[in-house]
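# predicted model follows, preceded by the sequence.
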Amino acid sequence: MRKGYIGFMAKQGKVASTRSRDSKTGIFIGSTASTRVRTVTTKLGNVTVSAQKPSAALVKDNVKRSSQALERAAARIVRGGVAIPQRKGVPLYSLDENNPKIVIRKLNGQISRGQLVDGKFQEFA
């Protein structure tokens, strides 16, 4: 077989590679040359995936790239809250920062303070 060949082994026991160990479904990736190649095997349900073990340099490069991706995403992840567009006739409710028992209602450009009683907003007099 050529280097880089991907072989599949079906449940019926048909084997496309001499590296198979059992008759379960599996995917074999990498060289099948006569030299011994270190492989890593992972089972996902009844599927077994075997691949050539990555080099230390490749692992180090992938760690560096994933760290860079996380740094790019971190600024967006830490930004809290949700943007809710204000529509006419639809109230937006929030709590007072100083007193969480007070509910603030924004409706059609007017701000009211009150409380919720039986699920209904009652404005303070």
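Alright, I've got the coordinates. Numbers count the residues shown, from 1 in each chain.
# the nearest residue in space to Ile102 that is not next to it in sequence - how many residues pack around it?
Nearest residue to Ile102, sequence neighbours excluded (CB to CB, 6 or more residues apart in numbering): Asp96, at 4.0 Å. For every residue, glycine as well, the C-beta is placed using N, CA and C. Using other CB atoms under 10 Å, Asp96 has 11 neighbouring residues.
# ok, now which ones touch Asp96?
Ile102, Val103, Ile104, Arg113 (CB atoms under 8 Å, 6 or more residues apart in numbering).
# gap between the first one and Thr42?
So that's Ile102. For Ile102, the distance to Thr42 (CB to CB, to the nearest Å) stands at 55 Å.
# go on, Lys101?
Using CB to CB, Lys101 is found at 54 Å from Thr42.
# ok, Ala74 next?
29 Å.
# repeat that for Leu92.
Noted for Leu92: a distance of 49 Å to Thr42, by CB to CB.
# those two: which is more packed in?
Between Leu92 and Thr42, Leu92 has the larger neighbour count (other CB under 10 Å), namely 13 against 9.
# assign the closest residue to that one other than its chain neighbours to helix, strand or coil.
In this structure, Leu92 finds its nearest non-sequential neighbour in Lys106, 4.6 Å apart by CB to CB, 6+ apart. Assigned by DSSP: H, G, I helix; E, B strand; the rest coil, the conformation of Lys106 is strand.
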